[in-house]
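Student: From the sequence below, what's the structure:
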Amino acid sequence: MMQEIRTFSAPSEDALWQQVAADMSSQPDLLEYRARLVLPDFEAVLYLDIDLGGGFEGGFATTSFSALVPPATSLRFALHEQDWVHEIGKLFGMEDAQLGYPEIDDAFIVKTNDAPQLTQLLAAPETRITLVRHPTARITLAPADEDEPPYPGALVLRFEQDEAITDPVTLRDIHWLLHTLAQPAGPVTF
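Tutor: Reported below is the predicted structural model:
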């Protein structure tokens, strides 16, 4: 059974995350948590799924944020973990974008249609520091599939990590990162 999406709205990050932290701490468990987070210039949906497994089944855990971006935004990108498969691909000539930030270039495979614009989006050291805290995350700005929730077919900025992140401070940092990455695109509301 899918849990309903809670909605939190506030004029600032501080006020918003006070609400979310209080709500999360009041939950008996966070096995499935859904929250719509509304600021005056940014909205995102937080999904937290934890399946403990059982018997011979292994469990899983995922944390994701999704935020709509105006469809006229031309930038597209994907950042994901460097791993041995991609390193082998580089030996065979597959290229990823280099942004000129060693901490990003070393930690992530970067695919983009506009490396200079993405480089500019990541210019603030705080943005790169927050991004590098999540080296196993996948961060994308791309159209969603036509049947993909929560925004079928829309242009979506997404953070996904195969880990249960239940700490509100860490979740707030990720939310701030997405808010920062979405700023040049302008606000979109649902």
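Student: Find the nearest non-adjacent residue to the residue nearest the centre of the chain, please.
Tutor: Nearest residue to the geometric centre of the chain (CA atoms, centre = their mean): residue 159, 1.7 Å. Closest residue to residue 159 apart from its sequence neighbours, by CB to CB, 6 or more residues apart in numbering: residue 65 at 4.4 Å. All C-beta atoms are positioned from the backbone trio N, CA, C, and that covers glycine.
Student: Please, which helix or strand holds the one you found?
Tutor: According to DSSP states H and E, residue 65 maps onto strand 60-68.
Student: For that strand, which strands pair with it and how are they oriented?
Tutor: Strand 60-68 has its sheet partners listed here by DSSP bridges as strand 42-51 (antiparallel), strand 155-161 (antiparallel).
Student: Please save the CA atoms from the first one in PDB.
Tutor: Taking Å, rounded to 0.1, in the frame of the first residue of the first chain, the C-alpha atoms of strand 42-51 are listed here in PDB:
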ATOM      1  CA  PHE A  42      11.000  25.500  -5.700                       C
ATOM      2  CA  GLU A  43       9.000  22.300  -5.200                       C
ATOM      3  CA  ALA A  44      10.300  18.800  -4.800                       C
ATOM      4  CA  VAL A  45       9.000  15.400  -3.900                       C
ATOM      5  CA  LEU A  46      11.000  13.200  -1.400                       C
ATOM      6  CA  TYR A  47      10.600   9.500  -1.600                       C
ATOM      7  CA  LEU A  48      12.100   7.200   1.000                       C
ATOM      8  CA  ASP A  49      11.600   3.400   0.500                       C
ATOM      9  CA  ILE A  50      13.100   0.700   2.800                       C
ATOM     10  CA  ASP A  51      12.300  -3.000   2.300                       C
END
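Student: Identify the residues contacting it?
Tutor: Strand 42-51 is contacted by residues 5, 20, 30-37, 59-68, 150, 164-166, 171, 175, 178-179, 182, 187-190 when judged by CB atoms under 8 Å, 6 or more residues apart in numbering.
Student: that older thread, quick check, the residue nearest to the centre of the chain in contact with residue 174.
Tutor: Yes - under the criterion of CB atoms under 8 Å, residue 159 makes contact with residue 174 at 5.6 Å.
Student: residues shared between the contacts of those two?
Tutor: Common neighbours of residue 159 and residue 174 are listed as 63, 65, 134 (criterion: CB under 8 Å, 6+ apart).
Student: Done for today, thanks.
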